[in-house]
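Chemist: starting from these lines, generate the structure:
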Amino acid sequence: MLAALVLLSAWIGVGLTPSVGYTAVDAVAAPINTAVDSQAAPIRLEDQPFYADLETWRSRWDSGFLGQVVDTNPRLSLIKFYSAMARAGQLVRSVADEARTDPGLRWSAKSRQKIEEAERLFRSAVQTIDASELPESIRENTQEEAALKLKEILDYVLSNSETPIELPSRTEKGFWRLAGSMIALASKLQEGADIPYYQFTKRTLDNVDKGYQYVASIRETGTASESNSYATPWVFHLHLHPWIPGSTQGLSPAAQGHSLISRITDR
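Modeler: Okay, here's the model as predicted:
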(Lines give C-alpha, C1' and ligand atoms only; values in the text may rest on other atoms or scores of the structure.)
Protein backbone atom coordinates (compact mmCIF):
# COMPACT_ATOMS: atom_id res chain seq x y z
CA MET A 1 0.00 0.00 0.00
CA LEU A 2 2.92 2.34 0.70
CA ALA A 3 3.99 2.61 -2.94
CA ALA A 4 0.60 3.64 -4.24
CA LEU A 5 0.06 6.11 -1.40
CA VAL A 6 3.41 7.79 -2.02
CA LEU A 7 2.41 8.19 -5.67
CA LEU A 8 -0.99 9.56 -4.77
CA SER A 9 0.54 11.89 -2.22
CA ALA A 10 2.99 13.26 -4.76
CA TRP A 11 0.10 13.86 -7.13
CA ILE A 12 -2.16 15.79 -4.79
CA GLY A 13 0.18 17.44 -2.33
CA VAL A 14 3.24 19.11 -3.81
CA GLY A 15 3.77 21.90 -6.32
CA LEU A 16 7.00 21.16 -8.15
CA THR A 17 9.02 22.41 -11.05
CA PRO A 18 8.61 21.28 -14.68
CA SER A 19 10.63 18.49 -16.20
CA VAL A 20 14.25 19.42 -16.80
CA GLY A 21 14.91 20.64 -20.33
CA TYR A 22 11.23 21.05 -21.25
CA THR A 23 9.68 24.36 -22.19
CA ALA A 24 6.51 25.54 -23.86
CA VAL A 25 8.46 25.89 -27.09
CA ASP A 26 8.90 22.12 -27.22
CA ALA A 27 5.12 21.69 -27.42
CA VAL A 28 4.72 23.03 -30.96
CA ALA A 29 3.71 19.59 -32.22
CA ALA A 30 0.76 19.43 -29.86
CA PRO A 31 -0.40 15.91 -28.91
CA ILE A 32 -3.70 17.42 -27.74
CA ASN A 33 -5.92 19.94 -29.51
CA THR A 34 -8.01 22.17 -27.27
CA ALA A 35 -9.91 25.44 -27.44
CA VAL A 36 -6.78 27.23 -26.21
CA ASP A 37 -4.95 26.18 -29.37
CA SER A 38 -7.63 27.64 -31.65
CA GLN A 39 -8.61 30.61 -29.44
CA ALA A 40 -12.19 29.33 -29.40
CA ALA A 41 -14.31 29.64 -26.27
CA PRO A 42 -13.70 26.42 -24.31
CA ILE A 43 -16.49 24.05 -23.35
CA ARG A 44 -16.23 23.43 -19.61
CA LEU A 45 -16.60 20.04 -17.99
CA GLU A 46 -20.00 20.83 -16.49
CA ASP A 47 -21.32 21.59 -19.99
CA GLN A 48 -20.15 18.33 -21.53
CA PRO A 49 -22.90 15.87 -22.55
CA PHE A 50 -21.54 13.13 -20.24
CA TYR A 51 -21.40 15.32 -17.13
CA ALA A 52 -24.57 13.88 -15.55
CA ASP A 53 -23.09 10.37 -15.77
CA LEU A 54 -19.86 11.63 -14.27
CA GLU A 55 -21.78 13.06 -11.32
CA THR A 56 -23.61 9.78 -10.90
CA TRP A 57 -20.36 7.87 -10.65
CA ARG A 58 -18.84 10.41 -8.29
CA SER A 59 -21.80 9.85 -5.97
CA ARG A 60 -21.33 6.07 -6.19
CA TRP A 61 -17.63 6.23 -5.27
CA ASP A 62 -18.44 8.69 -2.48
CA SER A 63 -20.98 6.25 -1.06
CA GLY A 64 -18.41 3.43 -0.92
CA PHE A 65 -19.29 1.55 -4.12
CA LEU A 66 -16.92 -1.42 -4.46
CA GLY A 67 -17.21 -2.26 -8.17
CA GLN A 68 -14.25 -2.31 -10.55
CA VAL A 69 -13.34 0.77 -12.59
CA VAL A 70 -12.62 -0.76 -16.01
CA ASP A 71 -15.82 -1.49 -17.96
CA THR A 72 -17.20 -3.02 -21.13
CA ASN A 73 -17.57 0.21 -23.15
CA PRO A 74 -15.32 3.24 -23.62
CA ARG A 75 -17.82 5.69 -22.14
CA LEU A 76 -17.99 3.96 -18.77
CA SER A 77 -14.29 3.11 -18.64
CA LEU A 78 -13.31 6.76 -19.10
CA ILE A 79 -16.02 8.16 -16.80
CA LYS A 80 -15.30 5.66 -14.04
CA PHE A 81 -11.53 6.14 -14.32
CA TYR A 82 -11.80 9.91 -14.12
CA SER A 83 -14.30 10.00 -11.26
CA ALA A 84 -12.50 7.29 -9.25
CA MET A 85 -9.16 9.07 -9.56
CA ALA A 86 -10.78 12.33 -8.47
CA ARG A 87 -12.23 10.60 -5.42
CA ALA A 88 -8.87 9.02 -4.56
CA GLY A 89 -7.18 12.40 -4.72
CA GLN A 90 -9.84 13.94 -2.50
CA LEU A 91 -9.36 11.22 0.12
CA VAL A 92 -5.57 11.44 0.23
CA ARG A 93 -5.72 15.22 0.40
CA SER A 94 -7.97 14.89 3.44
CA VAL A 95 -5.55 12.48 5.12
CA ALA A 96 -2.66 14.83 4.35
CA ASP A 97 -4.50 17.70 6.00
CA GLU A 98 -5.06 15.62 9.13
CA ALA A 99 -1.38 14.64 9.31
CA ARG A 100 -0.42 18.32 9.26
CA THR A 101 -3.07 19.66 11.63
CA ASP A 102 -3.72 16.81 14.06
CA PRO A 103 -0.48 14.90 14.80
CA GLY A 104 -0.60 12.09 17.31
CA LEU A 105 0.52 8.57 18.08
CA ARG A 106 -1.90 6.84 15.73
CA TRP A 107 -4.04 7.51 12.71
CA SER A 108 -7.66 8.06 13.54
CA ALA A 109 -10.07 5.33 12.47
CA LYS A 110 -11.54 7.78 9.96
CA SER A 111 -8.16 8.42 8.35
CA ARG A 112 -7.37 4.71 8.16
CA GLN A 113 -10.67 4.18 6.38
CA LYS A 114 -9.85 6.96 3.92
CA ILE A 115 -6.41 5.50 3.23
CA GLU A 116 -7.87 2.07 2.51
CA GLU A 117 -10.55 3.52 0.24
CA ALA A 118 -8.05 5.65 -1.70
CA GLU A 119 -5.76 2.64 -2.14
CA ARG A 120 -8.61 0.48 -3.41
CA LEU A 121 -9.86 3.09 -5.88
CA PHE A 122 -6.38 3.83 -7.17
CA ARG A 123 -5.48 0.17 -7.64
CA SER A 124 -8.71 -0.43 -9.54
CA ALA A 125 -8.34 2.69 -11.69
CA VAL A 126 -4.79 1.72 -12.66
CA GLN A 127 -6.12 -1.46 -14.28
CA THR A 128 -7.91 0.70 -16.86
CA ILE A 129 -4.50 1.23 -18.52
CA ASP A 130 -3.25 -1.55 -20.77
CA ALA A 131 0.35 -2.26 -19.79
CA SER A 132 0.26 -5.94 -20.73
CA GLU A 133 3.14 -5.63 -23.22
CA LEU A 134 5.52 -4.14 -20.68
CA PRO A 135 8.02 -6.31 -18.80
CA GLU A 136 6.51 -7.46 -15.53
CA SER A 137 9.37 -5.85 -13.58
CA ILE A 138 8.24 -2.33 -14.55
CA ARG A 139 4.57 -2.88 -15.35
CA GLU A 140 2.98 -1.87 -12.06
CA ASN A 141 5.09 1.24 -11.50
CA THR A 142 4.58 2.40 -15.08
CA GLN A 143 0.82 1.93 -14.85
CA GLU A 144 0.62 3.90 -11.63
CA GLU A 145 2.64 6.84 -12.93
CA ALA A 146 0.66 6.84 -16.17
CA ALA A 147 -2.65 6.87 -14.28
CA LEU A 148 -1.67 10.00 -12.37
CA LYS A 149 -0.46 11.78 -15.47
CA LEU A 150 -3.48 10.72 -17.52
CA LYS A 151 -5.77 12.11 -14.82
CA GLU A 152 -3.96 15.46 -15.06
CA ILE A 153 -4.30 15.44 -18.86
CA LEU A 154 -8.03 14.73 -18.62
CA ASP A 155 -8.43 17.50 -16.04
CA TYR A 156 -7.41 19.91 -18.77
CA VAL A 157 -8.83 18.31 -21.90
CA LEU A 158 -12.33 17.65 -20.56
CA SER A 159 -12.67 21.27 -19.49
CA ASN A 160 -11.14 22.96 -22.53
CA SER A 161 -12.55 21.27 -25.62
CA GLU A 162 -13.54 23.10 -28.82
CA THR A 163 -16.65 21.00 -29.34
CA PRO A 164 -18.80 18.82 -27.06
CA ILE A 165 -17.11 15.51 -26.25
CA GLU A 166 -19.33 12.55 -27.09
CA LEU A 167 -18.34 9.39 -25.24
CA PRO A 168 -19.72 6.35 -27.08
CA SER A 169 -21.31 3.37 -25.37
CA ARG A 170 -20.58 1.23 -28.44
CA THR A 171 -17.92 1.11 -31.13
CA GLU A 172 -17.90 -0.75 -34.44
CA LYS A 173 -14.32 -2.00 -34.32
CA GLY A 174 -13.65 -2.15 -30.59
CA PHE A 175 -11.65 1.07 -30.65
CA TRP A 176 -12.33 4.72 -29.82
CA ARG A 177 -10.08 7.77 -29.70
CA LEU A 178 -10.86 11.11 -28.12
CA ALA A 179 -10.83 13.49 -31.09
CA GLY A 180 -7.79 15.73 -31.29
CA SER A 181 -5.87 13.84 -28.60
CA MET A 182 -3.53 10.92 -27.92
CA ILE A 183 -6.14 9.31 -25.64
CA ALA A 184 -7.69 6.10 -26.97
CA LEU A 185 -9.45 3.03 -25.56
CA ALA A 186 -9.66 -0.43 -27.08
CA SER A 187 -11.58 -3.58 -26.24
CA LYS A 188 -9.41 -6.38 -24.91
CA LEU A 189 -10.10 -9.72 -23.27
CA GLN A 190 -8.13 -9.69 -20.03
CA GLU A 191 -6.61 -12.78 -18.48
CA GLY A 192 -9.26 -14.69 -16.56
CA ALA A 193 -12.13 -12.53 -17.87
CA ASP A 194 -15.20 -13.83 -19.70
CA ILE A 195 -15.91 -10.61 -21.62
CA PRO A 196 -13.62 -7.93 -23.08
CA TYR A 197 -13.09 -4.61 -21.32
CA TYR A 198 -12.11 -1.21 -22.68
CA GLN A 199 -8.69 -0.05 -21.52
CA PHE A 200 -6.55 2.94 -22.42
CA THR A 201 -4.34 1.65 -25.21
CA LYS A 202 -0.63 0.95 -25.29
CA ARG A 203 -0.22 3.92 -27.62
CA THR A 204 -1.92 6.13 -25.03
CA LEU A 205 0.50 4.78 -22.44
CA ASP A 206 3.46 5.43 -24.75
CA ASN A 207 2.38 9.05 -25.31
CA VAL A 208 1.23 9.96 -21.81
CA ASP A 209 4.51 11.71 -20.94
CA LYS A 210 4.34 13.88 -24.05
CA GLY A 211 0.69 14.72 -23.40
CA TYR A 212 1.40 15.53 -19.76
CA GLN A 213 4.33 17.80 -20.62
CA TYR A 214 2.24 19.62 -23.19
CA VAL A 215 -0.57 20.29 -20.72
CA ALA A 216 1.99 21.42 -18.13
CA SER A 217 3.51 23.86 -20.62
CA ILE A 218 0.11 25.38 -21.39
CA ARG A 219 -0.65 25.78 -17.72
CA GLU A 220 2.68 27.56 -17.23
CA THR A 221 1.50 30.33 -19.54
CA GLY A 222 -1.45 31.04 -17.25
CA THR A 223 -4.04 30.17 -19.89
CA ALA A 224 -5.29 26.98 -18.27
CA SER A 225 -8.63 26.94 -16.47
CA GLU A 226 -8.94 25.65 -12.93
CA SER A 227 -12.75 25.70 -12.92
CA ASN A 228 -13.03 21.90 -13.12
CA SER A 229 -14.32 20.59 -9.77
CA TYR A 230 -12.83 17.16 -10.52
CA ALA A 231 -9.35 18.57 -11.10
CA THR A 232 -6.36 18.63 -8.78
CA PRO A 233 -5.42 22.31 -9.27
CA TRP A 234 -2.94 22.42 -6.37
CA VAL A 235 -0.26 20.70 -8.42
CA PHE A 236 0.72 21.43 -12.01
CA HIS A 237 3.86 19.36 -12.40
CA LEU A 238 4.39 15.79 -11.28
CA HIS A 239 7.74 14.53 -10.09
CA LEU A 240 7.62 11.00 -8.75
CA HIS A 241 10.04 10.19 -5.98
CA PRO A 242 11.33 6.59 -5.87
CA TRP A 243 9.62 5.03 -2.86
CA ILE A 244 11.26 2.85 -0.26
CA PRO A 245 9.36 -0.43 0.17
CA GLY A 246 8.40 -1.22 3.72
CA SER A 247 5.72 -0.90 6.34
CA THR A 248 4.63 2.21 8.21
CA GLN A 249 3.23 0.11 11.05
CA GLY A 250 4.28 1.50 14.42
CA LEU A 251 5.07 4.99 13.15
CA SER A 252 3.23 7.96 14.56
CA PRO A 253 0.77 9.75 12.25
CA ALA A 254 3.23 12.65 12.05
CA ALA A 255 6.02 10.32 10.91
CA GLN A 256 3.71 8.40 8.59
CA GLY A 257 2.40 11.66 7.18
CA HIS A 258 5.96 12.60 6.33
CA SER A 259 6.76 9.27 4.68
CA LEU A 260 3.49 8.99 2.75
CA ILE A 261 2.78 12.59 1.88
CA SER A 262 5.80 14.82 2.07
CA ARG A 263 8.77 12.62 1.11
CA ILE A 264 9.03 14.01 -2.41
CA THR A 265 12.21 15.59 -3.77
CA ASP A 266 13.02 17.60 -6.89
CA ARG A 267 15.01 15.77 -9.51
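Chemist: Ala184 is in contact with Arg177, correct?
Modeler: Yes. Judged on C-beta atoms under 8 Å, Arg177 makes contact with Ala184 at a distance of 3.9 Å. Quick note: C-beta positions are derived from backbone N, CA and C, even for glycine.
Chemist: what strand or helix carries Tyr122?
Modeler: Quick fix: residue 122 reads Phe, not Tyr. According to DSSP states H and E, Phe122 maps onto helix 109-126.
Chemist: er, Arg93 actually
Modeler: Counting by DSSP H and E, Arg93 is found in helix 74-101.
Chemist: average pLDDT for that helix?
Modeler: Mean pLDDT, helix 74-101: 89.
Chemist: which elements pack onto it?
Modeler: Under the contact definition 3 or more C-beta pairs under 8 Å, 6 or more residues apart in numbering; DSSP states H and E, helix 74-101 sits against helix 2-13, helix 51-62, helix 109-126, helix 136-157, strand 184-188, strand 197-200, helix 253-257.
Chemist: buried ones in it?
Modeler: Of the residues in helix 74-101, 74-96, 98-99 count as buried by neighbour count, 16 or more other C-beta atoms under 10 Å.
Chemist: now do the buried residues in stretch 189-200.
Modeler: So for stretch 189-200, counting by 16+ other C-beta under 10 Å, buried means Tyr197, Tyr198, Gln199, Phe200.
Chemist: for the closest residue in space to the last one that isn't next to it in sequence, give me phi and psi.
Modeler: Among residues not flanking Phe200 along the chain, Ile129 sits closest, at 4.8 Å (C-beta to C-beta, 6 or more residues apart in numbering). Reported as degrees, to the nearest 10, the phi and psi values for Ile129 are phi -100, psi 130.
Chemist: identify, out of the helices and strands packed on helix 74-101, the most deeply packed stretch.
Modeler: strand 197-200 (a mean of 24; mean count of other C-beta atoms under 10 Å).
Chemist: for whichever helix or strand comes after that one, name the packing helices and strands.
Modeler: Per DSSP H and E, the first helix or strand lying C-terminal to strand 197-200 is helix 202-220. Packing partners of helix 202-220 (3+ C-beta pairs under 8 Å, 6+ apart): helix 136-157, strand 184-188.
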